[in-house]
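> Pasting the sequence and the predicted model now:
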Amino acid sequence: MRVAIIGAGVAGLTTAKVLLAAGHEILVFDRTPDVGGVWSRTRRYPGLTTQSPKAQYSFTDFPMPRHLPEWPTGAQVQEYLESYVAEFGLEPSLRLAATVEAVVQDGDAWAVTTRSAAGTSTATFDRVVVANGVFCEPSVPEFPGRAEFAAVGGRLLAGSDFHDVDQALGRHVLVVGYGKSACDVTVPISKVAASTDVIARQLLWKVPRKIAGVVNFKMLLLTRMGEALFRYRWLRGFEKFLHGPGNRLRRALLNSLGTVSVRQFGLKRHDLVPGGRMEDIVKGAIGLATEGFFEGVAAGAIKVRRDQTITSLGERDGRPVAELADGSVLPADLVVCATGFTQGVPFLTESVQQRLFDERGNFLLYRQIQPLEVPGLYLNGYNSSFFSPLNAEMAALWIAADLAGALTLPDVATRRADVLGQLAFMDEATDTHHCRGTKIIPFSMRNVDEVLGDLGVQIPSRVRATHWLNPVAPAAYRALTPALLQRLAAPETAARVTL
Ligand SMILES: Cc1cc2nc3c(=O)[nH]c(=O)nc-3n(C[C@H](O)[C@H](O)[C@H](O)COP(=O)(O)OP(=O)(O)OC[C@H]3O[C@@H](n4cnc5c(N)ncnc54)[C@H](O)[C@@H]3O)c2cc1C
C-alpha cells in the first residue's frame, strides 16, 4: 500500500521503518527541515535532556551509542534519530520542510496536500498515519497587556522557541511553569540572567534522578513493579496483592519517595514542599528533578514564586514588567512559557474530526492507535509514555498487522465501550491530566501488553519477569518486529498472528 506518515519524530520514523520492512510504499512528511520532532533543532531549548534514561528511550533494535550519558541531551537524541534514518534506509522516504495542510478522504483513498518551498501539491495514498506529536504545539497563555510589554522590548516565547541562552544574558527572566521543561530551561538561564524567577501555579513533586543520591530512579519507577504501584483497570497476579493486602506497603513505598525528595532537595528550607501526597501528584506526570535546579534555588540564583500566576504584562517607567496574582510587579525582559502543549489534528476534515473526538475533545482511539469509525486512518505517538520509542514501535507493529488484514478486532460497539472505559478510568486515575486521552502514564507497559495481546505475540515470560525488579529494557522486544513481519509475509497468515 501507499502510506502517508505525517511527522518525522520518534513515532513517525519507527512507523516508517516497520511499514517499509512490511513492503509498503512510504512517504514521511515533516514541516521541519530535520528529523526528530521534540528533539529537532527547531524545537530544543538549552538544558533539554530526556527524562527516561537512554536504554529506556531507545528503539528495540537500535540502542543508543554507548558513549552517550545516561540522560542524553536533545541534540544527542536528534543525532540518534538521524542514525536510525540512515541505518534503516528511511532517507528516500522523507519529505522534510513539507507541511501537511489537508488530509481529505476520497472513497477508499486519502488526498494529502502539502506545502513546501516548491509550492503546494497533492498526492493520493491508501492509508494515512498521523504522527504529528502530542507535545508539538506549545500552549502559551494570552496575557493582557502584551502589546504594551512588547512595545518596550519585552519578549514572550514558548520554551520550544527558546533556542539560545544568550537571549537571557543580563536580562530579567521569568519562566512560567514548574514541569520538567520549565525547570530544565531555568538552570542555564539562571547562569547568565540578571534575575531568574519561576512562576509556579502549582508545585509538583520532583523525583530525584538518583534517589538519596545513589539509586537511579529507573530501578524504582521504570520497572513493572513501579508501574504496578498504580492501580490499573484490571489487576493481575501480584498486583492483586499490592492493591489488596499489600496496600499499606505499596503506599508507604510511593510516599517514601516524597519524603526522600523533601530531604534530598531541602524543600522545607525553601518552602517548596508540594501539597498532597506523592502518590496523588505523581499520577499524571512524574517530573524528574533537573540537575542544578534546587542547587540554584539554594544559591539564590533561582527564585520560585509558588502558587502564583502572571495576571498581566505591561510596562513601568519604560521597562517591561509582569504583574503576579499577589499584586507584586517583577521586571521581565524575557518571559519563557513552559506551559504545556495543545493536541490537535487541524489538517483533518471536520467530518473526520467529529468521529475522532468525544464531546469533551478527548481522542477516541482504540489501543491509542485507531479511530473508531475512520477506516484507513491511524495515529501513532498518541500513547505518550515513559518508554515512548517502545510504545510507538509496538503501535507500528499493530498498524502493520492491521494493514495486512491480520488483526481480528472486536466489533465497533465493543471497541467503543473499551475506549470509553479507558478514558473514564484515566480521568479518575490522573485527575483528567491525560492530555485529551493521549497520555498513558503511568501505565506504559500495560499499553505494550495490550497492543501485543491483539497481535498474539509477547516476549518470553522469564524475560518479562526480570522487568519486575529491573528497568524495562526495550531491547528485550527486538525479536518481535522481524518475527511478526515474517509471519505477516507468509501466505498462510490469514487471521491471527501467533508466535
Ligand atoms: C521536552 C520533552 C521531553 C520529553 N522527554 C521524554 C522522555 O524522556 N521519555 C519519553 O518517553 N518521552 C519523552 N517525551 C515525550 C515525547 O513526546 C516522545 O518521547 C516523542 O519524542 C514523541 O514523538 P512523536 O513522534 O510522537 O512526536 P514529535 O516528536 O512531536 O514529532 C511530531 C512531528 O510531526 C511534525 N508535524 C506536526 N504537524 C505537522 C504537519 N501539519 N505537517 C508536517 N509535519 C508536522 C512535527 O514537526 C514533528 O516533527 C518528551 C517530550 C518533551 C516535550
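Everything's here; your move. Numbering: from 1, shown residues only.
> which ones are touching Asp418?
By Cβ atoms under 8 Å, 6 or more residues apart in numbering, the contact set of Asp418 is Tyr366, Pro410. Just so you know, the C-beta spots here come from the backbone N, C-alpha and C atoms, and that holds for glycine as well.
> What are the phi and psi values at it?
Dihedral angles of Asp418 (phi, psi; degrees, to the nearest 10) stand at phi -70, psi -40.
> Quick check: it vs Gln368, distance?
11 Å (Cβ to Cβ, to the nearest Å).
> List, one by one, the residues from the stretch 151-300 of the chain near the ligand.
Contact residues, the stretch 151-300 of the chain versus the ligand (Cβ under 6 Å from any ligand atom): Ser181.
> Tell me where the model's unsure across the stretch 151-300 of the chain.
280-286 (pLDDT under 70).
> Is the residue nearest in space to the middle of the chain bridged to anything, and to what?
Central residue of the chain (Cα atoms, centre = their mean): Ser384, 4.3 Å from the mean position. Beta-bridge partners for Ser384, by DSSP bridges, are Lys439.
> Same question for Lys210.
Beta-bridge partners recorded for Lys210 (DSSP bridges): Asn216.
> burial of it, as a residue count?
13 (other Cβ atoms under 10 Å).
> these two touch, right, it and Asn216?
Yes: between Lys210 and Asn216 there is a contact under Cβ atoms under 8 Å: 6.0 Å.
> related to what we said a few turns ago, in this structure the residue nearest to the centre of the chain contacts Phe135, no?
Yes: Ser384 lies in contact with Phe135 (Cβ under 8 Å); the separation is 7.1 Å.
> Can you pull the residues that touch both of the two?
By Cβ under 8 Å, 6+ apart, the residues touching both Ser384 and Phe135 are Cys435.
> Who are the contact partners of Leu324?
Neighbours of Leu324 in contact, by Cβ under 8 Å, 6+ apart: Ile199, Arg305, Gln308, Thr309, Ile310, Thr311, Leu330.
> Please indicate which of these has the highest neighbour count?
Of the contacts of Leu324, with other Cβ under 10 Å as the count, Ile199 tops at 26 neighbours.
> Centre of the chain to the strand or helix carrying that one, how far?
According to DSSP states H and E, Ile199 maps onto strand 195-200. Computed by Cα atoms, centre = their mean, to the nearest Å, the separation of strand 195-200 from the middle of its chain amounts to 25 Å.
> and the residue of the stretch 251-400 of the chain nearest the ligand?
Gly381 (2.4 Å; Cβ to the nearest ligand atom).
> Can you tell me the SS state at that residue?
coil (DSSP: H, G, I helix; E, B strand; the rest coil).
> my read: it touches Val129, true?
No: the pair Gly381 / Val129 is not scored as a contact, 9.5 Å apart, by Cβ under 8 Å.
> hey, what's in contact with both of those two?
Gly12.
> What distance do you get for the residue of the stretch 251-400 of the chain closest to the ligand to Asn132?
8 Å.
> Likewise for Thr186?
For Thr186, the distance to Asn132 - Cβ to Cβ - is 28 Å.
> Who has more neighbours out of the two?
Applying other Cβ under 10 Å to Thr186 and Asn132 shows that Thr186 carries more neighbours, namely 31 against 27.
> Show residues contacting the strand or helix carrying the more buried one.
Assigned by DSSP H and E, Thr186 falls within helix 180-192. With Cβ under 8 Å, 6+ apart as the test, helix 180-192 has contacts from 45-49, 51, 159, 162, 165-166, 168-170, 173, 175-176, 196, 198, 200, 206, 285, 287-293, 296, 301-302, 336, 338.
> List the buried residues in stretch 167-184.
Of all the residues in stretch 167-184, those buried under the rule 16 or more other Cβ atoms under 10 Å are 167-168, 171-184.
> With respect to Gly266, which of these is nearest?
Cys183 (15.3 Å; Cβ to Cβ).
> what about the closest one, distance to Gly275?
18 Å.
> likewise Asn380?
Counting by Cβ to Cβ - Asn380 and Gly275 are separated by 36 Å.
> Who has more neighbours out of the two?
Neighbours per residue (other Cβ under 10 Å) separate Asn380 from Gly275, with Asn380 holding more: 29 against 10.
> ok, that one - contacts?
Asn380 touches Ala11, Gly12, Thr14, Thr15, Val129, Val130, Ala131, Ile369, Ala392, Ala395, Ala396, Ile399, counting by Cβ under 8 Å, 6+ apart.
> Tell me which residues touch the closest residue to the third one other than its chain neighbours, please.
Which is Thr14. Once flanking residues are discounted, Thr14 sits nearest to Glu393: 4.5 Å by Cβ to Cβ, 6 or more residues apart in numbering. Glu393 makes contact with Thr14, Val18, Phe59, Thr60, Pro474, Tyr477, Thr481, according to Cβ under 8 Å, 6+ apart.
> mind checking the backbone torsions on Glu393?
Torsion angles, degrees, to the nearest 10, at Glu393: phi -70, psi -40.
> can you give me the strands in the stretch 201-350 of the chain?
Ranges of strands within the stretch 201-350 of the chain are 206-207, 210-211, 215-216, 287-288, 303-306, 310-316, 319-324, 329-331, 334-337, 341-342, based on DSSP state E, counting those that start in this stretch.
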